[in-house]
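Colleague: Provided below for reference: sequence and predicted model.
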Amino acid sequence: MNEPNQPIAIINARLLTLADGETPRRSEQMSNLLPINAATVLIETGKITQLGTDIDVPNDAEIIDASGRVVMPGFVDCHTHACWAGDRLDEWEQKQRGATYLEILKTGGGIMSTVNAVRKASVIQLTESLLVRLNWMLREGTTTCEVKSGYGLSTADELKMLDAITLASETWPGRITPTACIGHAKDSSVADFVKQTIEETLPAVHEKYPAITIDAYTEDGAWSVDETVALFTAAKALGHPLRIHADQFNAMGMVEAAIELGALSVDHLEATTPESLTHLAQSNTMGVMLPCSGFHVDERYGDGRSFIDAGGALAIATNINPGSAPCLSMPMSIALAVRNLGITAAEAITASTINGAHLLGFTDIGTIETGQQADLIMLRHTDERQLGYTFGGNPIETVICNGQIIR
C-alpha cells in the first residue's frame, strides 16, 4: 500500500465517472458512463478531491500513469454467498453424470451438504476462509460486496455465519454488507422448519443484528411463496429490509409478492415471465441477474435486455457459492452478462458499480466524483468494451480501495 495520507494522482486516464443521472440508473442512463479522456484524478485522505484534464498534482503525490487505460469505479458485487466451509466437488461429478441441481438438492445434497460443513466449522475458520475469497475478489476489482449467511439453517449457526462475516469486515480493506439469508433451504430433520425460522431464528437475528436485510430462496424444493411471505411479513414488522431469490428454475409468483412487500431486489430471474419482468421493471424493486449461475448450472439466463428496455434498474453479481456459481470474478460476470443477458458492456459496467452500490445502500461509491470514497480500478485495457469482449484471466491492472493502493 502507499504511505498513509500520501496523495495519489492517476494521470493520462480514460476516466469513466458515471457521474450523471438518477440513482439507480435505468433505461438509456445505464449506457451513460460520462468518460473523460486524458484525465487526472487526485486522491487525498481516502477521498477523490479533484478530477479533470487540468489538475495541479501535489509534489508529494504517488503518480500512477494510466497511459490511456480505463480507470473506473471499483466493482460492487451485490449478491454473494462467499462465506462457507467444505466443497461440492463430488456433486459436480454427479452433475457431469446427468443429475440436475434440484435432484441433488432433494436428496440432501446441494445446500445441505454445505450446511453440514458449516455447522462443523468454527467462527474463526469461517472468517479465515471468507477472507481468502475476499482477497481473491479484491484482486479482480471488487472493492465492495454483500455476503449472505444461509448455510447454517439453525439459529446458532446462522448467527455464527453472521459473526464470521462481521469479523471479516473488520480486517478486509473493502466494504462488506452482511445479509441474513435465513430462508435459504429447509432442514428436513426439523419437524416444522419454517415455524422455527420465523419464531426462533428471526427474533435472535433481530436482537443481534436489528437492521440487517433478510433474504430467502423461493423455489421448488426450498421455500414456497406462502412460506416466504410469512417470513418476510414478520421480518418487515421488525423493520428489516428484504431481498429474495426467485425464479431461478420456476416462476412461482414470488416476483409480484416481493414487489407488494417492498423488497429491495428480486435476484436470479432466469425463469421469470415477460409479464412479471415488466412488472418488476416498472416498480421500485431492483432486479439482480446472476449469469455465472446460468453458465455453471443449466445455460439459462435472465432477459436483461427486456428488463432494461422496460425501465428496470438492473444489477449484476457473481453469486459466488460452492454449488451453483463457483466464480468470484466480476469481470467474468460482465463477460457472461454481455453474451447472455443481451446487454452492452456499458450497461454491464453500470449494473456492476453504481446500481449495486445503490442496492446495498451506499451513496459514496459507484461513481468517480469529488468527495466520493476512492474505490477505483484501472484496467489493462484502453477501451472499456474489452470487459465484455474478452474473458478469462484478470483484466485489472491496479486496485485502489478506500484510498489505498492494493499491491
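Modeller: Cool, the structure landed. Numbering: from 1, shown residues only.

Colleague: now the nearest residue to E270 once chain neighbours are set aside, what's its secondary structure?
Modeller: Counting by CB to CB, 6 or more residues apart in numbering, E270 lies nearest to R300, which is 4.4 Å off, once chain neighbours are set aside. Backbone N, C-alpha and C define where each C-beta goes, glycine included. Taken by DSSP: H, G, I helix; E, B strand; the rest coil, the conformation at R300 corresponds to coil.

Colleague: Please report phi then psi for the spatially most central residue of the chain.
Modeller: Closest residue to the average C-alpha location of the chain: C78 at 2.0 Å, with CA atoms, centre = their mean. Note on C78: backbone dihedrals following degrees, to the nearest 10 are phi -90, psi 10.

Colleague: how does this structure divide up, domain by domain?
Modeller: Per automatic domain parsing, the domain ranges recorded for the chain read 8-74+364-406, 76-360.

Colleague: Determine which stretch of the ones you listed is the most buried.
Modeller: Across those, the average number of neighbours (mean count of other CB atoms under 10 Å) peaks for domain 76-360, which reaches a mean of 21.

Colleague: just checking, what packs against whichever strand or helix holds S276?
Modeller: Using DSSP states H and E, S276 sits in helix 274-281. In terms of contacts (3 or more CB pairs under 8 Å, 6 or more residues apart in numbering; DSSP states H and E), helix 274-281 is packed against helix 254-261, strand 286-289, helix 304-309.

Colleague: closest to S169 out of those?
Modeller: Nearest to S169 among those is strand 286-289 (20.8 Å), distances taken as CB to CB.

Colleague: so how far is the closest one off the chain centroid?
Modeller: The chain centroid and the centroid of strand 286-289 are separated by 10 Å under CA atoms, centre = their mean, to the nearest Å.

Colleague: What of stretch 350-366?
Modeller: Relative to its chain's centre, stretch 350-366 lies at 10 Å (CA atoms, centre = their mean).

Colleague: what does stretch 296-306 give?
Modeller: With CA atoms, centre = their mean, you get 17 Å for stretch 296-306.

Colleague: and if you look at stretch 376-383?
Modeller: Distance of stretch 376-383 from its chain centroid, counting by CA atoms, centre = their mean, is 21 Å.

Colleague: Repeat that for stretch 311-330.
Modeller: The answer for stretch 311-330 is 6 Å, by CA atoms, centre = their mean.

Colleague: Can you get me the start-to-end distance on it?
Modeller: In stretch 311-330, first residue to last residue: 24 Å (CA to CA, to the nearest Å).

Colleague: before we move on, what about stretch 6-22?
Modeller: Separation of the first and last residues of stretch 6-22 by CA to CA is 33 Å.

Colleague: Could you tell me the average pLDDT over that stretch, please?
Modeller: The pLDDT scores in stretch 6-22 average 96.

Colleague: In what element of secondary structure is G366 found?
Modeller: Applying DSSP H and E, one finds G366 in no helix or strand.

Colleague: residues in contact with it?
Modeller: The contact partners of G366, by CB atoms under 8 Å, 6 or more residues apart in numbering, come to 18, 73, 76, 353-358.

Colleague: With V70 instead?
Modeller: 13-14, 16, 378-379, 381-384.

Colleague: Any chance of TSV for the residues you listed, columns secondary structure and distance to M137?
Modeller: Below are the contacts of V70 laid out as TSV (DSSP: H, G, I helix; E, B strand; the rest coil; distance: CB to CB, whole Å):
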residue	secondary structure	distance to M137
A13	strand	23
R14	strand	24
L16	strand	20
M378	strand	17
L379	strand	16
H381	coil	20
T382	coil	24
D383	coil	24
E384	coil	20
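
Colleague: Among the contacts of G366, which lie within helices?
Modeller: 354-358 (DSSP state H).

Colleague: Mind checking what secondary structure the residue in the chain sticking out farthest from the centre has?
Modeller: Most distant from the centre of the chain: N59, at 38.2 Å, with distances by CA atoms, centre = their mean. Following three-state DSSP, N59 is assigned to coil.

Colleague: Check the one 4 residues further on too.
Modeller: Classification of I63 using three-state DSSP returns strand.

Colleague: To which secondary structure element is the nearest residue to it once chain neighbours are set aside assigned?
Modeller: Leaving aside its chain neighbours, I63 sits nearest to A9 (5.4 Å; criterion: CB to CB, 6+ apart). In this assignment (DSSP H and E), A9 forms part of strand 8-16.

Colleague: Send me that strand as CSV with only the CA atoms.
Modeller: Taking C-alpha atoms only, strand 8-16 is exported to CSV below (Å, rounded to 0.1, in the frame of the first residue of the first chain):
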residue,chain,number,x,y,z
ILE,A,8,-2.3,9.6,-5.2
ALA,A,9,-2.6,11.0,-8.7
ILE,A,10,-3.7,8.9,-11.6
ILE,A,11,-2.8,10.7,-14.8
ASN,A,12,-3.5,10.1,-18.5
ALA,A,13,-6.5,8.0,-17.8
ARG,A,14,-9.7,7.3,-19.7
LEU,A,15,-11.9,8.0,-16.7
LEU,A,16,-15.4,6.5,-16.5
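
Colleague: Adjacent strands (with direction) for that strand?
Modeller: In the sheet, strand 8-16 lines up against strand 35-44 (antiparallel), strand 62-65 (parallel), strand 70-73 (parallel) (DSSP bridges).

Colleague: want to throw those strands into TSV with mean pLDDT and distance to H296?
Modeller: Listed next are the strands paired with strand 8-16 as TSV, based on pLDDT from 0 to 100; distance: least, CB to CB, whole Å:
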stretch	mean pLDDT	distance to H296
strand 35-44	98	33
strand 62-65	98	35
strand 70-73	98	26
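
Colleague: can you redo the ones you listed as JSON lines with distance to E227?
Modeller: Formatted as JSON lines, these follow (distance: least, CB to CB, whole Å):
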{"stretch": "strand 35-44", "distance to E227": "47"}
{"stretch": "strand 62-65", "distance to E227": "52"}
{"stretch": "strand 70-73", "distance to E227": "38"}
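
Colleague: secondary structure class for the nearest residue to T370 once chain neighbours are set aside?
Modeller: Distances taken as CB to CB, 6+ apart put I48 closest to T370, at 5.7 Å, once the chain neighbours are dropped. Three-state call for I48 (three-state DSSP): strand.

Colleague: Report the contact partners of I48.
Modeller: Neighbouring residues of I48 by CB under 8 Å, 6+ apart: 41-42, 368-374.
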